[in-house]
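S.K.: Need coordinates for the below:
(4 chains)
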There are 2 protein chains.
Amino acid sequence: MLDGFDTIDRIAELVVHLGRACRSEDGHSDLTAAQWTCLRFFARANASTRTPSAFASFHATTRGTASQIIKSLEGCGLIARHRSESDGRSVRFDLTGSGRALLAADPLGDLNSLLGACDVAERQALLATLSRLASSLAVLKKARAFGTCQDCTHFTPANDSGFCACMAAKLGADEIGKLCGSYHSPAGPMPHPQTTRTDR
Amino acid sequence: MLDGFDTIDRIAELVVHLGRACRSEDGHSDLTAAQWTCLRFFARANASTRTPSAFASFHATTRGTASQIIKSLEGCGLIARHRSESDGRSVRFDLTGSGRALLAADPLGDLNSLLGACDVAERQALLATLSRLASSLAVLKKARAFGTCQDCTHFTPANDSGFCACMAAKLGADEIGKLCGSYHSPAGPMPHPQTTRTDR
DNA sequence: CAAATTGATTTCGTTTCGATACCATAATGT
DNA sequence: ACATTATGGTATCGAAACGAAATCAATTTG
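M.R.: Alright, predicted model coming up:
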């Protein structure tokens, strides 16, 4: 290999680089990087996934740290807390009006506008590749995978909506595109790679 | 848009997610995420780019923070400091033997192995897309772009080597694949988007 | 019903990070 | 020649993030 380093290394490092570069803010941003990630997560995840534990898995941190980030957003009035009726321990967070409004100022907007200028086919290919990489990596790292219900093996589509075998519930058209914490990739091996309690 | 969120948003957030997920270590790693990034950077960049300032730009942080990260790696004996002869202020860092050895334990290896299982065409497409996004994003953020000399507009290839008009120097085969801080993408507008001193 | 598990939170100490100020050298302008 | 400005690098400090561990309540398991 005469190149300084080969294609595979270059891709991996580009992913890390892009992931960090695109969240840097020009001036002073309203939120920190962790808070942005949290706000985005609660905006994109379905109802049963908008919990502190799920966010902790998604953000690859402890539940304690996740709880702190969530508390700060709640203090800003960007997300609202709802207790679960079925489970007295569990809580769920929804974005408030100001939370949804703030998403428009997401520093990821720069990357979004670049992607908007991309060819549609290139964009689709990129999405497919990155999705597969993300779920494969989750399996490899023995972490929980996150994906959209419409790509999940638990999901059987009907017209305009579908049924999730995992949650045993019919999903509306607005739910099937959201992130789910019990996502199972067609590629991955085991349905629920939940390990024993390690607080990670 | 009936989906919970559209393709473009999903891609942007996948990039951030992948970038964070692939650097998380299963057990205890030898280095922190920032230290790994720094070690990788000094391994991939050409001689004139292996400076604290260039790393600060690359890592989208301040020179002060970059200096701390570098100091810690220097303390571990993973990189070695060399003063510049032409400029009394500038320093350059090279990987030591143990630094090169440690790169084999890079946590990015997980992502690398997944990429290795990819189709070659898919991999090439991914590299092309990510490279373009990275340099376009740098222009948009008014940040310094980083790319390989062989893709730079300052570079005119000869057989097996080439000439860099920016550094006004002939480049050997081992240099043209390395990252350069004065990289100019064929797409971007201005050669040196160096802004005034903002310490970012 | 006891024991183990799970979801969430709190606290504490450590590390990292960004902002700022600072010093040394180099380039620029008059 | 001299002052001014720009640049490369470092040190310091406070805020944030983080991991680890302890705690509490609700649920599940045996």
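S.K.: you'd agree residue A:69 is in a helix?
M.R.: Yes. Assigned with DSSP: H, G, I helix; E, B strand; the rest coil, residue A:69 falls within a helix.
S.K.: Point to the residue nearest the middle of chain A.
M.R.: Centroid-nearest residue in chain A: residue A:41, 5.3 Å away (criterion: CA atoms, centre = their mean).
S.K.: tell me the contacts of it?
M.R.: The neighbours of residue A:41, taking CB atoms under 8 Å, 6 or more residues apart in numbering or on different chains as the test, are A:50, A:55, A:58, A:59, A:179. All C-beta spots, glycine's among them, are computed from the backbone N, C-alpha and C.
S.K.: thinking the fourth one is in contact with residue A:68, fair?
M.R.: So the one you mean is residue A:59. No. Checked against CB atoms under 8 Å, the pair residue A:59 and residue A:68 is beyond contact range at 11.6 Å.
S.K.: Looking at the two, which has the bigger crowd around it?
M.R.: For residue A:59 versus residue A:68, neighbours defined as other CB atoms under 10 Å in any protein chain shown are more numerous around residue A:59 (19 against 13).
S.K.: residue contacts, that one?
M.R.: Residue A:59 makes contact with A:34, A:37, A:38, A:41, A:66, A:69, B:20 under the criterion CB under 8 Å, 6+ apart.
S.K.: Point out the least confident one among the residues you listed.
M.R.: Within the contacts of residue A:59, residue B:20 has the lowest pLDDT, namely 87.
S.K.: tell me the secondary structure for that residue?
M.R.: Assigned with three-state DSSP, residue B:20 falls in the helix class.
S.K.: And the closest residue to DNA strand C within chain A, how far from residue A:15?
M.R.: In chain A, the residue that lies nearest DNA strand C is residue A:64 (2.6 Å; CB to the nearest atom of the strand). Here residue A:64 is placed at a distance of 28 Å from residue A:15 (CB to CB, to the nearest Å).
S.K.: which residues in chain A form helices?
M.R.: A:7-21, A:33-44, A:52-58, A:63-75, A:97-102, A:109-116, A:120-140 (DSSP state H).
S.K.: Give me the residues contacting the first one.
M.R.: I take that to be helix A:7-21. Contacts of helix A:7-21 (CB under 8 Å, 6+ apart): A:111, B:15-20, B:22-23, B:37, B:40, B:44, B:58-60, B:108, B:111-112, B:115-116, B:123-124, B:126-127, B:130-131, B:133-134, B:137-138, B:141, B:143, B:146, B:148.
S.K.: For PyMOL, write a command that selects the buried ones of these.
M.R.: Selection of the buried residues among the contacts of helix A:7-21 in PyMOL, burial being defined by 16 or more other CB atoms under 10 Å in any protein chain shown:
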select buried, (chain A and resi 111) or (chain B and resi 15+16+17+18+19+20+22+23+37+40+44+58+59+60+108+111+112+115+123+126+127+130+131+133+134+137+138+141+143+146+148)
